[in-house]
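Undergrad: Sequence first, then the predicted structure, then my questions.
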Amino acid sequence: MQPYYTFQHELEKLNKKLLDLSAMAEDRVRRAAEVIQSQDPLAIQSIILSDYEIDELEVEIEEDCLKILALHQPVAGDLRFIVTVIKINNEIERIADTAANIAMRVETISKCQPLNIQFDFSKMAENVVAMLKKSLDSLVHRDSTAAREVFLIDDEIDEMRNQAYEQITQLIPDQPGQANCLINTYLLARHLERIADRATNIAEEVVYLVEGTIVRT
């Protein structure tokens, strides 16, 4: 009984760490979305300087997974859970990195002259945050139906990214002196789209965890 109890206890601790990591990453993305509008220098630095916290927990989770695989040799559903944790753990860490990248882009843009860009970053950021939340909620509740709903939102984010690209590339010839600032502004949309892509990847892994079905969108 003792080895089995220990194994289950380690799985529970691993699950809690993954949920803690998810909450931390979601918080970073929300804050990154806010600084796109506020350009608050203190908030920008807070996002950038706190990135190490997620990096450390991501490494800890990966080490826990490898330890469990080596000591307990899980099978069936338990093995599927460990494999899913390893993949989602990586996706979440990359999401947090991208949030830090957004903060760094905003820091650069804040030093530029005002840009006449009509694209609504607040709407795109709001949709990405909602998409990430749905993806992570589907993980918490082991809800593959909610996970599949995430796939539908991804196309909308891609279209928004395309709109940002079209608008900003049209402005560059008219404002060559602002080219660097305009490119950094477009990269905000690109970073938001990458977060959406990784949220989709998490949703795919949730479907695999719950249903045992591999899906790629």
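TA: Done, it's in.
Undergrad: Only C-alpha atoms from now on, for both contacts and neighbour counts.
TA: OK.
Undergrad: Three-state assignment for Arg216, please.
TA: Recorded secondary structure, Arg216: coil (DSSP: H, G, I helix; E, B strand; the rest coil).
Undergrad: OK, contacts around it?
TA: Contact analysis of Arg216 by CA atoms under 8 Å, 6 or more residues apart in numbering lists Glu204.
Undergrad: any idea of the pLDDT on it?
TA: Per-residue pLDDT puts Arg216 at 82.
Undergrad: Begin at 15 from now on, thanks
TA: Sure thing, new numbering starts at 15, so read that last one as Arg230.
Undergrad: What's the separation between it and Gln189?
TA: 41 Å (CA to CA, to the nearest Å).
Undergrad: which residue is nearest the middle of the chain?
TA: In the chain, the C-alpha closest to the average C-alpha coordinate belongs to Ile109, at a distance of 3.0 Å (CA atoms, centre = their mean).
Undergrad: Check which residues of the worst-scoring helix or strand of the chain on mean pLDDT are buried.
TA: Within the chain, no helix or strand scores below helix 16-52, which has a mean of 89 by mean pLDDT, DSSP states H and E. Using 16 or more other CA atoms under 10 Å as the test for burial, helix 16-52 gives 21, 24-25, 28-29, 31-33, 35-36, 38-50.
Undergrad: Also stretch 70-87?
TA: In stretch 70-87, counting by 16+ other CA under 10 Å, buried: Leu71, Glu72, Ile75, Glu76, Asp78, Cys79, Ile82, Leu83.
Undergrad: just stretch 143-163 next, same as before
TA: 143-153, 156-158, 160-163.
Undergrad: just checking, which of those residues belong to helices?
TA: The members of those that map onto helices under DSSP state H are 143-153, 158, 160-163.
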